[in-house]
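Q: predicted model and sequence below, questions to follow.
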Amino acid sequence: MALTQRLEFRQSQSLVMTPQLMQAIKLLQLSNLDLSAFVEEELERNPLLERESEGPEAPVAGEPAAGSLEVSDGGFGEESAGDFTDSGTDGFEPVQEEWMNRDLGSRTEIEQTLDTPLDNVFSEEPAEAAARNAQDAAPSTYTEWGGGASNDDGYNLEAFAAAEVTLSGHLAEQLAVAFAAPAQRMIGQYLIDLVDEAGYLPPDLGQAAERLGASEGDVEAVLAVLQKFDPPGVCARSLSECLAIQLRDLNRYDPAMQALVENLELLAKRDIAALRKLCGVDDEDITDMIGEIRRLNPKPGLKFGSARTQTVVPDVYVRPGPDGGWHVELNSETLPRVLVNQSYYTQLSKTIRKDGDKSYFSDCLQNATWLVRALDQRARTILKVATEIVRQQDGFFTHGVAYLRPLNLKAVADAIQMHESTVSRVTANKYMATNRGIFELKYFFTASIASADGGEAHSAEAVRHHIKQLIDAEDPALILSDDTIVERLRATGIDIARRTVAKYREAMRIPSSVQRRRDKQSMLGNALSAPAALSDRPRDPQPA
């Protein structure tokens, strides 16, 4: 077989992930906050990108802005003086100061006129006189008074906001007052550094004594003082100790309350009978004691939490339309507005001579153009996906959660002729403001639960809503078990297993039927015994 060389042309198709395509895909899954941060970085990096101006044009230099009052250092200008003169104001006619242009004569003539030597009149050097006048003059700007800004444009109200008080800083301030010995302050500061955001210390402090080279007695002594700091209950090592500290602060830590605090697991199980027996009190007293426990703060450190709550800004608005449908629009405030400065690139291309500079600005132009296109494509894709979601879930917007249909990514992707991965990226970290609240776009994608009679399938979110309605409406004397809930759901056409009901119930933080029975019977007993207790209790005019 002979080996020969020849040229051939072949035509094929392949998908190449260019950097621009990867950037467009990345922008799809960014939230509005992450997108704003990304655009700000691009604006700083790319000189051909600029932010679209939304406000009115700035006034020309040297001309006063509209609605502003121009005041010069010399008092009234010529125009303002003319205005006063034309208005007929008596007694105010600015005249030319002729004495400044008048020849005062020689030194001897000036001294004879002033009747004193000039050394007594102009004794200071010009620099000294200027320094003295500047020192005696009143501050003319806010900055000279010690403020933050020199004019209204640079005024920043956040410069006057008080710094946020953290839990560690609050405890450190009390530590400086509580202890005078350096060793105790060192132990106290070490323990304060171990306090978590809820205000708790680790259960085991044995390592603290070893690391500090102190005895466990010294650490316990310092800890006892720290547990008296504000807020009450801080520096506790367990929930029982936290509640006990707060009860001691309220002078309510008696033996009965101590027994209750030491058996919180029974309170969590709603085993009121066992608690009443351990505490040695009657029904009325145990109810009052449980009420006091519920009024305490189990996490006292959270009032100094440093985590800031970020308000959700919707990306899409859904409003009722005039024709009975729904109007879907993007939130323009979350869309970054950037433009490509073509005129600047044209000017640069005429003056640049180096090949490296030309290549750099060509890449900047290409990246800027791709970014603008990617942002536009992102907005169009979000609007297209949101519109299809509203069309698919029309029953939810009209009637509520009970009419939420099962929906998956494939159904939306096929309807708008896109890939499922694109729809998944679009619905990530995006929110929709509706007439029923603000929901994440992924909220409308729920699993499908088969119907018992072979009809249309039900949404998992709608089934959870139905389970919650059944439990909220149950009779305190007839608590619904999971099996009973399965039967009632099947009667309404929802085929679901018992373990699925239990999973949904636990996800909604609804206790079991046994715990709900104890809770509702206890609440019912308290409601019935309260009027009788108030009527039978003798009036005591003396305060407790």
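A: Great, that's in hand. Numbering: from 1, shown residues only.

Q: identify the residue nearest residue 174 in space, chain neighbours excluded?
A: residue 229 (4.8 Å; CB to CB, 6 or more residues apart in numbering). Yep, even glycine has a C-beta here, placed from its N, CA and C like the rest.

Q: just to check, the one you found is in contact with residue 171?
A: Yes. If you go by CB atoms under 8 Å, residue 229 and residue 171 touch, sitting 5.8 Å apart.

Q: neighbour count for those two, which is higher?
A: Neighbours were counted for residue 229 and for residue 171 using other CB atoms under 10 Å; residue 171 has more, 25 against 21.

Q: for the host helix or strand of the more buried one, packing partners?
A: Following DSSP states H and E, one finds residue 171 within helix 167-178. Judged by 3 or more CB pairs under 8 Å, 6 or more residues apart in numbering; DSSP states H and E, the packing partners of helix 167-178 are helix 182-194, helix 216-226.

Q: nearest to residue 366, of those?
A: Counting by CB to CB, residue 366 lies closest to helix 182-194 out of these; the figure is 51.5 Å.

Q: want to throw the helices and strands packed on helix 167-178 into JSON lines with mean pLDDT?
A: Listed next are the helices and strands packed on helix 167-178 as JSON lines, based on pLDDT from 0 to 100:
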{"stretch": "helix 182-194", "mean pLDDT": "91"}
{"stretch": "helix 216-226", "mean pLDDT": "90"}
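
Q: circling back: could you look up the SS state of the residue nearest to residue 174?
A: Using DSSP: H, G, I helix; E, B strand; the rest coil, the secondary structure recorded for residue 229 is coil.

Q: measure it to residue 205 for me?
A: In this structure, residue 229 lies at 16 Å from residue 205, with CB to CB, to the nearest Å as the measure.

Q: could you dump the helices and strands packed on helix 167-178 into JSON lines with distance to residue 302 added?
A: Conversion of those to JSON lines gives the following (distance: least, CB to CB, whole Å):
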{"stretch": "helix 182-194", "distance to residue 302": "16"}
{"stretch": "helix 216-226", "distance to residue 302": "18"}
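
Q: and those helices as JSON lines, adding distance to residue 35 and mean neighbour count?
A: As requested, these are arranged in JSON lines below (distance: least, CB to CB, whole Å; neighbours: other CB atoms under 10 Å):
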{"stretch": "helix 182-194", "distance to residue 35": "37", "mean neighbour count": "17"}
{"stretch": "helix 216-226", "distance to residue 35": "45", "mean neighbour count": "16"}
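
Q: sketch out the low-pLDDT regions of the stretch 51-200 of the chain for me.
A: Applying pLDDT under 70 to the stretch 51-200 of the chain flags residues 53-107, 109-163.

Q: same thing but at 50, please
A: For the stretch 51-200 of the chain, applying pLDDT under 50 flags the ranges 54-97, 99-100, 122-124, 131, 135, 138-150.

Q: now the longest helix along the chain: average pLDDT?
A: With DSSP state H applied, the helix covering the greatest number of residues in the chain is identified as helix 355-392. Across helix 355-392, the average pLDDT comes to 90.

Q: rewinding a little: any idea which of the helices and strands packed on helix 167-178 gets closest to residue 353?
A: The stretch from the helices and strands packed on helix 167-178 with the least distance to residue 353 (CB to CB) is helix 182-194; that distance is 60.5 Å.

Q: and the angle from that closest one to helix 216-226?
A: Regarding helix 182-194 and helix 216-226, their directions subtend 70 degrees when assessed with axes from the mean of the first three to the mean of the last three CA atoms, to 10 degrees.

Q: buried residues of the helix or strand that helix 182-194 is followed by, list them for me.
A: Helices and strands here follow DSSP H and E; after helix 182-194, the next one along the chain is helix 206-212. In terms of neighbour count (16 or more other CB atoms under 10 Å), helix 206-212 has its buried residues at 208-209, 212.

Q: show me the contacts for residue 167.
A: For residue 167, the contact set (CB atoms under 8 Å, 6 or more residues apart in numbering) comprises 195, 197, 199, 234, 301, 304-305.

Q: ok so, going back, now list whatever residues contact both of residue 229 and residue 171.
A: Contact with both residue 229 and residue 171 is made by residues residue 235, according to CB under 8 Å, 6+ apart.

Q: contacts for stretch 313-322?
A: Taking CB under 8 Å, 6+ apart as the rule, stretch 313-322 contacts 32-33, 326-331, 333-334, 382-383, 386, 390, 397, 430-435, 438, 441.

Q: and if you look at stretch 367-386?
A: With CB under 8 Å, 6+ apart, stretch 367-386 has contacts from 20, 23-24, 27-28, 39, 42, 46, 48-49, 315-316, 318, 328-330, 335-336, 338-340, 412, 416, 418, 422-423, 426-427, 430, 432, 441.

Q: buried subset of those residues as a ChimeraX selection?
A: Selection of buried members from the contacts of stretch 367-386 for ChimeraX, criterion 16+ other CB under 10 Å:
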select :24,27,28,39,42,46,48,49,315,316,318,328,330,335,336,338,340,412,418,422,423,426,427,430,432,441
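
Q: would you map the strands across this structure?
A: In the chain, the segments counted as strands under DSSP state E are 49-51, 316-320, 326-330, 338-340, 431-434, 437-440, 448-449, 458-459.

Q: distance to residue 499 added to those strands, as CSV?
A: Formatted as CSV, the strands of the chain follow (distance: least, CB to CB, whole Å):
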stretch, distance to residue 499
strand 49-51, 55
strand 316-320, 36
strand 326-330, 37
strand 338-340, 52
strand 431-434, 32
strand 437-440, 27
strand 448-449, 13
strand 458-459, 17
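
Q: those strands: which one's closest to residue 403?
A: Shortest distance between residue 403 and the strands of the chain, using CB to CB, is found for strand 458-459: 8.6 Å.

Q: go ahead and confirm residue 507 touches residue 464.
A: Yes. Applying CB under 8 Å, one finds residue 507 in contact with residue 464, separated by 7.4 Å.

Q: which one's more surrounded, the two?
A: Of the pair residue 507 and residue 464, residue 464 is the one with more neighbours under other CB under 10 Å, namely 19 against 9.

Q: mind listing what the more buried one touches?
A: Residue 464 makes contact with 504, 507-508 under the criterion CB under 8 Å, 6+ apart.

Q: out of the residues you listed, which is nearest to residue 191?
A: Taking CB to CB as the measure, residue 191 sits nearest to residue 507 out of those, at 37.8 Å.

Q: ok, the closest one to residue 442 distance?
A: For residue 507 relative to residue 442 (CB to CB), the value is 16 Å.

Q: next one: residue 185
A: With distances defined as CB to CB, the gap from residue 185 to residue 442 amounts to 51 Å.

Q: what's the answer for residue 40, then?
A: Between residue 40 and residue 442 the distance, using CB to CB, works out to 27 Å.

Q: what's around residue 31, how many residues?
A: For residue 31, the number of neighbouring residues by other CB under 10 Å comes to 16.

Q: how much space separates it from residue 245?
A: As for residue 31, its distance to residue 245 is 41 Å (criterion: CB to CB).

Q: could you do residue 399 as well?
A: Using CB to CB, one gets 51 Å for the distance from residue 399 to residue 245.

Q: the more surrounded of the two?
A: residue 245 (21 against 11).

Q: need the contact list for the more buried one.
A: Neighbouring residues of residue 245 by CB under 8 Å, 6+ apart: 227, 232-234, 236.

Q: 6 Å instead, please
A: Listed by CB atoms under 6 Å, 6 or more residues apart in numbering, the contact set of residue 245 reads 227, 233, 236.
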